[in-house]
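K.L.:
Dropping a prediction and its sequence here:
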Amino acid sequence: LLAESMVKNTIVKEFCLADMKRLGHEALLALAHLLEHNATLENLRINGFIGSESSHIHARGFARFGCALAGYKLRRLVLSGFHNLGDNQVYSLCVGLTLNTRIQHVNLSWNTIGNAGAQGIANVLITNNRIRTLYLQENNISDSGIECICTALRENCTLETINLSRNPLTSKGVIAIGNMLQNNNNTTLKVIRMNGICYKKDGKDALVSAAEQNFVLQEIHVDN
């Protein structure tokens, strides 16, 4: 009801739903309708219970919501803390984000996105020239998924901040990140966060080389 009431609202620019245990089919359709018909909303934040396995998104409704992002002028999207927001669901979201021409900040942290979802996100980074910050911490993206994202970042010329913290990466994934940072002359990436990731000396060496050769990068956040 709240989403429906905002369709014709021309004042409110931010809509937040916090601590959602379940985002059902009807609620997602209402949010999709809001995105399609409200002309002023800039920030949409939807948070489940972070760290809990009780927060769920309805899969079919989410597909409709994802497609609604395609033609909308949203600047910031937060979808965080949903136990079943994984590869299948994020694919629909990526379809919309690929075609969105205004969004700048995307937060998909604390979900269950894996390597297939990372491939979809990589496709967004190749085609979308607006996104400046991307938060993917606390997901299930491993080395092969991060390699897809690194390949995309070689072509992307707008992303400035990415958070990959506490994904199950190894030295192989960290080396891929280091190589991307070393060999990407067009990079705009200024901040990369990789806290809570375990890697060996070869991963550390790749990051050190990247820091020495990349003159755009300003911050690398790692543990120990």
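P.N.:
Thanks, I have the structure now.
K.L.:
shouldn't residue 39 be in contact with residue 73?
P.N.:
Yes: judged on CB atoms under 8 Å, residue 39 makes contact with residue 73 at a distance of 7.4 Å. To be clear about C-beta, it is placed using only N, CA and C from the backbone, and glycine gets the same treatment.
K.L.:
Compare these two (neighbour count), which wins?
P.N.:
residue 73 (14 against 10; other CB atoms under 10 Å).
K.L.:
Mind jotting down where the strands sit in this protein?
P.N.:
Secondary structure of the chain, counting by DSSP state E: strands at 14-20, 22-23, 43-48, 56-57, 76-80, 105-107, 133-135, 161-163, 191-193, 219-221.
K.L.:
count of neighbours near residue 14?
P.N.:
For residue 14, the count of nearby residues is 11 (other CB under 10 Å).
K.L.:
does it really touch residue 38, like I thought?
P.N.:
No: assessed by CB under 8 Å, residue 14 is found out of contact with residue 38, at 11.7 Å.
K.L.:
Could you pull up the contacting residues of residue 102?
P.N.:
Shown in contact with residue 102 (CB atoms under 8 Å, 6 or more residues apart in numbering): 72, 73, 74, 75, 130.
K.L.:
Next: residue 218.
P.N.:
190, 191.
K.L.:
Check it and give its pLDDT.
P.N.:
pLDDT for residue 218: 92.
K.L.:
do residue 188 as well
P.N.:
For residue 188, the model assigns a pLDDT of 90.
K.L.:
so it touches residue 214, yeah?
P.N.:
No: look at residue 188 against residue 214 with CB under 8 Å: they stay out of range, at 11.1 Å.
K.L.:
Settle it for me: which of these two has more neighbours?
P.N.:
Legend: neighbour count by other CB under 10 Å for residue 188 and residue 214, higher for residue 214 (20 against 15).
K.L.:
Read off the pLDDT value for that one.
P.N.:
At residue 214, pLDDT is 89.
K.L.:
List the residue ranges of the protein that fall below the pLDDT cut-off.
P.N.:
1-10, 49-55, 72, 184-186, 224 (pLDDT under 70).
K.L.:
the helices in it, which residues?
P.N.:
2-5, 25-37, 59-68, 87-99, 115-127, 143-153, 171-183, 201-213 (DSSP state H).
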